[in-house]
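>>> test case, fold it:
(one chain, ligands or ions: 2)
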Amino acid sequence: MINVLIVGASGYVGAELTKYLFFHKKVNIVALFVSKNSQDAGKKISDVHKQFKNIIELTLQPICDNMLHIINKIDAVFLATDHIVSHTLAPIFLLKGIIVFDLSGAFRINNHNIYKKYYHFEHKHISWLQKSVYGLPEWNNRHIRGAQLIAIPGCYATAVQLGLKPIVKYKLIDTKQIPIINATSGVSGIGRKSTLTTNVCEVSLHPYNIFTHRHQPEIVAHLGIPVIFTPHLGNFSRGILATITCQLKLGIVLQDITNAYYIAYNNKPLIRTYKSGIPSLKSVLNLPFCDIGFVVKKQHIIIVVTEDNLLKGAATQAIQCFNIRFNFPETQSLIK
Ligand SMILES: NC(=O)C1=CN([C@@H]2O[C@H](COP(=O)(O)OP(=O)(O)OC[C@H]3O[C@@H](n4cnc5c(N)ncnc54)[C@H](OP(=O)(O)O)[C@@H]3O)[C@@H](O)[C@H]2O)C=CC1
Ligand SMILES: CC(=O)N[C@@H](CCC(=O)OP(=O)(O)O)C(=O)O
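Ligands and ions are numbered 1, 2, ... in the order given. Next up is the predicted model:
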């Protein structure tokens, strides 16, 4: 059995992690943590997330300064916390030899200068940043196997890269025309702390962080080509749909594209590529899959990618990485 701790367990991502790890046959959840002064400290997770009633009755504990009693009991920790909190906590666990799965953006990009510009804080753990492994399992399996710090990709960054990587890898697109990505997320992408402007009743559909969203440098760093990425917020609770437009190199035909996606994903159980038609949110909600469809017309391709932002965009992707890291079947506890 692998003993795990979940920090930020009362959040949207933390609750999904708790659910899938609770039902994982090889996992023992040692504790669920929230912040020291959390209004939920001492409550059962089933009081905060009622869907767990009579199923998961673990208590949310306040994180303490001296975590030795916990550190001695655990093999792995999932940090489902804001990037500033993860930036502080991850090194504490790493120095004790614990395997860290960080769901935040704190360790995703090896270039520390990005953090000042896009995350507005100075990165203080550059040596860990250099050692961190990007947890996109379909493309980084080998490195995840030996990693101590695994940075789970951002929700948009996951969808976009899974959609683009096959045609970038096989050099099918003309990069003189930068890929244009429009993606829409539900409001759970913001987390539990809703403000008036992010309240589902106030949201209709709008783009935000145009040219400044922090997933843009993340995508560029791990995809290796520039992109134009525009996120949108929609008035639904969960799910991401990304529409990606690229120009193909002269002479590239539909069969080349089909082959590229087939080679990339035919043995990847959590990616579903469509032979015809395009995916919608409905087919991925509450499921750990990423669905990909595309249409080619002359020299252009439009790729449509969908995922559940809290699952393949966060919690179940982290558990997929955990399974790989601890040598369990990749989809253990994720699909039957
Ligand atoms: N939501 C999404 O779609 C995605 C989110 N992510 C990332 O995952 C992480 C979690 O996101 P999400 O679940 O949405 O956020 P939430 O705001 O819903 O949850 C945050 C959790 O962290 C806890 N917390 C806050 N401060 C501390 C602290 N100092 N120590 C311990 N726990 C603390 C909160 O509880 P309390 O405040 O009561 O202490 C809560 O349990 C973030 O880094 C986010 O960027 C990544 C991909 C997708
Ligand atoms: C709808 C919404 O607001 N989504 C979040 C992204 C969620 C995510 O993946 O955040 P991290 O990269 O911080 O982990 C945002 O745009 O900031």
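
>>> what segments of the stretch 101-250 of the chain are helices?
Along the stretch 101-250 of the chain, counting by DSSP state H, counting those that start in this stretch, helices occupy 113-114, 126-131, 137-145, 155-169, 215-223.

>>> list the buried residues for the third one?
Under the neighbour-count criterion of 16 or more other C-beta atoms under 10 Å, helix 137-145 has 137, 138, 139, 140, 144 buried. To be clear about C-beta, it is placed using only N, CA and C from the backbone, and glycine gets the same treatment.

>>> between the residues you listed, which is nearest residue 228?
residue 139 (21.6 Å; C-beta to C-beta).

>>> if we ignore the residues flanking it in sequence, what's nearest that closest one?
residue 165 (5.9 Å; C-beta to C-beta, 6 or more residues apart in numbering).

>>> so what's the one you found up against?
Contacts for residue 165 (C-beta atoms under 8 Å, 6 or more residues apart in numbering) come out as 138, 139, 223, 264.

>>> would you check that the third one makes contact with residue 166?
No: using C-beta atoms under 8 Å, residue 223 is not in contact with residue 166; the gap is 11.3 Å.

>>> neighbour count for the two, which is higher?
Taking other C-beta atoms under 10 Å, residue 223 and residue 166 do not tie; residue 166 has more neighbours (24 against 18).

>>> can you tell me how far the residue nearest to residue 139 is from ligand 2?
Here the criterion is C-beta to the nearest ligand atom, to the nearest Å. By it, residue 165 lies 18 Å from ligand 2.

>>> what separation do you get for that residue and residue 219?
For residue 165, the distance to residue 219 equals 10 Å [C-beta to C-beta, to the nearest Å].

>>> and residue 100, by the same measure?
From residue 100 to residue 219 the distance is 23 Å (C-beta to C-beta).

>>> which one's more surrounded, those two?
residue 219 (26 against 23).

>>> what sits against that one?
Per C-beta under 8 Å, 6+ apart, neighbours of residue 219: 156, 157, 160, 161, 181, 227, 229.

>>> residue 301 now?
167, 173, 245, 246, 248, 257, 294, 295.
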